[in-house]
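In: Sequence isn't available, so here's the structure alone:
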């Protein structure tokens, strides 16, 4: 029996942790997209979005997140 | 005995205990799914607010709910005259199912027989497809259709054909019912055709590819047949029909949202699962899953391999169960459906992804080049569900901890 039979290799653990983190971030990102469909948010700087932020429907953090993640995407109405 | 005296004989992880904990948490997650399903069984269909009714018939001043000859909202103008009606598609049987379950819509028709608006307000469809339909403006194409003169056939949205066809048929039948039954209007005969149906040759190809997979799974030694079947499924199930089994679909099936007869691709995949699990175990994962096929072909072609070691391999089944328990709990009892969309094959084969998803899928594919079936063996929640089904349907033979 050698070391890899007993302890997971650091590289394996790193890859596992990296992908786990990524899919959880993707999941949260998709969850935001389900809660606040992009079609409801025409442009990041629009009056509509500012109003939605004021009403508490979209937080400023989420608006920034949307702008960052959907920039350049073909499904994005936010620019 | 370990050759290195600095590490304990059984490693830092008590694997039997971890396995027990992960199985217990998974059982709890299934209990949560069951509870949510039971609670939703007796629930009434969702009722739209006045905002939705106003979107369906914007010129109405007020609405009154009436029951005769069928439930509807009669709309009145400022002078109290009847100017149209809004009907919910739930109240106009037969409801036509979308990809998974009924799409609830409000359909507004004026007293002169002109469609004022079609507004979907609740559904169990994949959000991505409904976004495609929304972006294509399908529901807007109904506005202004004069039912007395003609009923042009709107085109289904390419890539979301099943959902958009359900919307077209349901909206059309509800609007005609309102015009004829409430306002006595003799409507024009709808134009021929029901929108763009899934092409039969795709269905035939899918059936052929699945049949070949079943044959390959049953003939244990025919290696070339297996390779052909895997490559074919990548092309057909992945790229051509883009209908792999996903956690999103599985979680909806678990909550008793079944596909309609129009959803032939998913029905064929489910038929394959029903036949193959008792006959050949996890052959869906080995042969049919397009992302599994992609990993298999990439890893075969790539010259440098990485082997994770026995300790990691024996840890992964518990890890997969814990991940499935977490995702099921988030998706069904907590209704955070976004977490059912984390699998790379959820969006990979549509080739329409946000930059974040592109990055994560690319990283996973790069790891799969080196690490054989990395996603299947380390993460895949759908694969773990299939393995659980194998264990249930093949007592003594199905092994949830088995690698693909």
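Out: On my side now, so go ahead. Only a predicted model underlies this, so the values are computations on that prediction, with no experimental measurement involved. Numbers count the residues shown, from 1 in each chain, chains lettered A, B, ... in the order given.

In: thought residue B:29 was touching residue B:330?
Out: No: using C-beta atoms under 8 Å, residue B:29 is not in contact with residue B:330; the gap is 9.3 Å. C-beta coordinates here come from the backbone N, C-alpha and C atoms, glycine included.

In: Can you list the helices and strands that the top helix by length along chain A packs against?
Out: When chain A is parsed with DSSP state H, its longest helix is helix A:10-35. If you count contacts as 3 or more C-beta pairs under 8 Å, 6 or more residues apart in numbering or on different chains; DSSP states H and E, helix A:10-35 packs onto helix A:60-70, helix B:127-136, helix B:310-331, helix B:355-370, helix B:374-378.

In: Without its sequence neighbours, what residue ends up closest to the residue in chain A positioned nearest to chain B?
Out: Scanning chain A for the residue nearest chain B gives residue A:31, at 2.7 Å (criterion: C-beta to the nearest C-beta). Leaving aside its sequence neighbours, residue A:31 sits nearest to residue B:338 (C-beta to C-beta, 6 or more residues apart in numbering or on different chains; 2.7 Å).

In: Enumerate every residue touching that neighbour.
Out: Counting by C-beta atoms under 8 Å, 6 or more residues apart in numbering or on different chains, residue B:338 touches A:27, A:28, A:29, A:30, A:31, A:32, A:33, A:34, A:35, B:127.

In: angle of the longest helix of chain A against helix B:355-370?
Out: 150 degrees (axes from the mean of the first three to the mean of the last three C-alpha atoms, to 10 degrees).

In: Switch the helices and strands packed on helix A:10-35 over to CSV; also include distance to residue B:59 and mean neighbour count.
Out: Converted to CSV, the helices and strands packed on helix A:10-35 look like this (distance: least, C-beta to C-beta, whole Å; neighbours: other C-beta atoms under 10 Å in any protein chain shown):
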stretch, distance to residue B:59, mean neighbour count
helix A:60-70, 34, 16
helix B:127-136, 23, 20
helix B:310-331, 41, 22
helix B:355-370, 42, 18
helix B:374-378, 53, 24
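
In: Least confident of the ones you listed, on average?
Out: Ranked by mean pLDDT, the helices and strands packed on helix A:10-35 bottom out at helix A:60-70, which scores a mean of 65.

In: what residue lies at the spatial centre of chain B?
Out: In chain B, the centroid-proximal residue (C-alpha atoms, centre = their mean) is residue B:249; its distance is 3.6 Å.

In: Secondary structure element holding that residue?
Out: helix B:247-254 (DSSP states H and E).

In: could you say what helices and strands that helix packs with?
Out: Against helix B:247-254 (3+ C-beta pairs under 8 Å, 6+ apart) you get helix B:15-41, helix B:310-331, helix B:381-393.

In: Residue of chain B closest to chain A, please.
Out: residue B:338 (2.7 Å).

In: residue contacts, the residue nearest to the centre of chain B?
Out: Per C-beta under 8 Å, 6+ apart, neighbours of residue B:249: B:100, B:266.
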